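> Make a model of this:
(chains A and B)
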Amino acid sequence: AQSVTQPDIHITVSEGASLELRCNYSYGATPYLFWYVQSPGQGLQLLLKYFSGDTLVQGIKGFEAEFKRSQSSFNLRKPSVHWSDAAEYFCAVGEAGGGNKLTFGTGTQLKVEL
Amino acid sequence: EAGVAQSPRYKIIEKRQSVAFWCNPISGHATLYWYQQILGQGPKLLIQFQNNGVVDDSQLPKDRFSAERLKGVDSTLKIQPAKLEDSAVYLCASSLRQTGEQYFGPGTRLTVT
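Alright, predicted model coming up:
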């Protein structure tokens, strides 16, 4: 069964600092990988996704993520964090063979200090 | 383009009562999902519809939860009777096709007392 681990429950960074959120997955084949962001009282918004091809994917709001098959990781990065980036971030893995069932990690709560 | 609509946004009920949630997906989206998000956890898929047929309901507690998607558009999720552990946010999502990007609604926050 597929699974996702986000080892950091909370992360605090200063505005303008760089950010990296960790995500490790377990899946038998080539996975579909996603990062979502959830602001309080809001639904999830897709930041970026990896299906195949270039292992460095660019997303919205200046985020990027790198797929590393050897490490089963899909870490999210941003070079300079803005106060508005404070939210909860979820990594998810989807089945590559149709159905698109997503399995989410437990999330990382990001706090941005001004 | 209108997003995924859900109602109500908040609901408080007592245990053993029943409750229903409504979801209106993005127009033209054939696939609809219901997720349960318990506080401190990631969303968990409860049920997935393709048009008005069920694709996956393996994690739906069928003794108390039911869902339908009549005419392949709107969907309702019902809990009867509710338990304390059902307190969660229920998220609806839709996608154009089974392998497409999922768009999420704002969710319904259920509190069972």
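> Smallest distance to chain A belongs to which residue of chain B?
Nearest residue of chain B to chain A (CB to the nearest CB) works out as B:G42 at 3.1 Å. Bear in mind the C-beta positions are built from the backbone N, C-alpha and C, glycine included.
> hmm, the helix or strand where B:K11 lies in reach of chain A?
Per DSSP states H and E: B:K11 is located in strand B:10-13. No - contact of strand B:10-13 with chain A is not found when judged by CB under 8 Å from any CB of the partner chain; the minimum separation is 9.8 Å.
> Listing partners with orientation, what would you give for that strand?
According to DSSP bridges, strand B:10-13 has the following sheet partners: strand B:108-112 (parallel).
> contact partners of the partner strand?
The contact list for strand B:108-112 (CB atoms under 8 Å, 6 or more residues apart in numbering or on different chains) reads B:6-15, B:19, B:21, B:79, B:82-90.
> Quick check: buried residues in it?
B:T108, B:R109, B:L110, B:V112 (16 or more other CB atoms under 10 Å in any protein chain shown).
> okay, the residues you listed in TSV with pLDDT next?
Formatted as TSV, the buried residues of strand B:108-112 follow (pLDDT from 0 to 100):
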residue	pLDDT
B:T108	96
B:R109	96
B:L110	98
B:V112	98
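> List the buried residues for stretch A:85-99?
A:D85, A:A86, A:A87, A:E88, A:Y89, A:F90, A:C91, A:A92, A:V93, A:G94, A:E95, A:A96.
> starting at the chain centroid, how far to that stretch?
In terms of CA atoms, centre = their mean, to the nearest Å, the centre of stretch A:85-99 is set 7 Å apart from its chain centre.
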